[in-house]
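Undergrad: build me a structure from this.
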Amino acid sequence: MSDLYKDPIGTAEAAAKVIAEKTGKAKHQVALVMGSGWISAADALGKPTHEFAVTELPGFPAPTVVGHGGKVRSYELAGGVNALVFLGRTHFYEGLGMEPVAHAARTAVKSGCKAVVLTNACGGINTEYKVGQPVLIKDHISLTAASPLIGADFVDLTDLYSKRLRELVKAADPSLAEGVYVHWRGPSYETPAEIRMMRTLGADLVGMSTVPEAIAAHALGAEILGISLVTNAAAGVTGEKLNHEEVIAAGKAAADRMGKLLAAVLPKL
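TA: The predicted structure follows:
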């Protein structure tokens, strides 16, 4: 483990301090982590007041996944709300350990964010979901056997994905569905048999991110809003093979809708 991650909270505080210095903003109120294909949705928030490489902050490795931009943006939204946007993330399957995966979420909370919005691209297990459909995460199932929390840090996850925030978003777009998200380590996609198992467990969506970040931010007191974009039917649902290019393309196609929704909702979080 890198020395940076021996004190993950301290490293997050150091990164938050650099963000405050770079932006001239003592605090941000809300944060977004943009998943695969979601980057263009951030453009709907308007022109950022600041943008810089994530690697300019302590504890952030360079992104390695196509569709993840490796930038941090600061926006000033309606009502003077400061929004911190991470264009991309680190995944557990990259092999760097859990600390870098949770680092952006912890940095956001240490930057003052009371609400953290986590977006992702995912496979649709629920056969009623369509490609390009956004779904609010209401709960999750972790199949990674890993947690961002270390030691006797017993955190209640009953309301991990805030009901209050979900209701705010659904007030803006009542057509949004809610579902249960499975965290799959990856980077291989799931087999059809594994998807059948997940469906039996009660899952609607499957992806390779979000859950560690949600737990880490929630443990520090933030409210969490999770939004999945169904970019493909999960393995075995249609019989078609899965590929990352499909994920990116579907994400871009739905970016306008989701960007407008986020721009309308974020100042209210």
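Undergrad: going forward, measure contacts between C-alpha atoms and count neighbours the same way
TA: Will do.
Undergrad: residue boundaries of the strands in the stretch 151-269 of the chain?
TA: In the stretch 151-269 of the chain, the segments counted as strands under DSSP state E, counting those that start in this stretch are 177-183, 205-207, 223-233.
Undergrad: out of these, which comes closest to Glu56?
TA: Of all these, strand 223-233 sits nearest to Glu56, with 25.7 Å by C-alpha to C-alpha.
Undergrad: give me the contact list for that closest one.
TA: 114-125, 127, 129-138, 160-162, 165-166, 205, 210, 214, 217-218, 242, 246-248, 250-251 (C-alpha atoms under 8 Å, 6 or more residues apart in numbering).
Undergrad: how about the helices of this protein, start to end?
TA: With DSSP state H as the criterion, the chain has helices at 8-23, 98-110, 163-172, 192-201, 211-219, 244-253, 255-265.
Undergrad: what pLDDT does the residue nearest the centre of the chain get?
TA: Centroid-nearest residue in the chain: Leu118, 2.7 Å away (criterion: C-alpha atoms, centre = their mean). Per-residue confidence (pLDDT) for Leu118: 96.
Undergrad: what do you get for Ala42?
TA: For Ala42, the predicted pLDDT is 85.
Undergrad: test my guess that it contacts Gly259.
TA: Yes - at 6.0 Å, Ala42 and Gly259 qualify as touching, with contact defined as C-alpha atoms under 8 Å.
Undergrad: neighbour count winner among the two?
TA: Higher neighbour count among Ala42 and Gly259: Ala42, with 25 against 20, using other C-alpha atoms under 10 Å.
Undergrad: distance-wise, check that one relative to Val155.
TA: Distance of Ala42 to Val155, given as C-alpha to C-alpha, to the nearest Å: 31 Å.
Undergrad: coming back round to it: okay, the strands of the stretch 151-269 of the chain in CSV with distance to Ile150 next?
TA: Formatted as CSV, the strands of the stretch 151-269 of the chain follow (distance: least, C-alpha to C-alpha, whole Å):
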stretch, distance to Ile150
strand 177-183, 19
strand 205-207, 23
strand 223-233, 20
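Undergrad: good, wrapping up.
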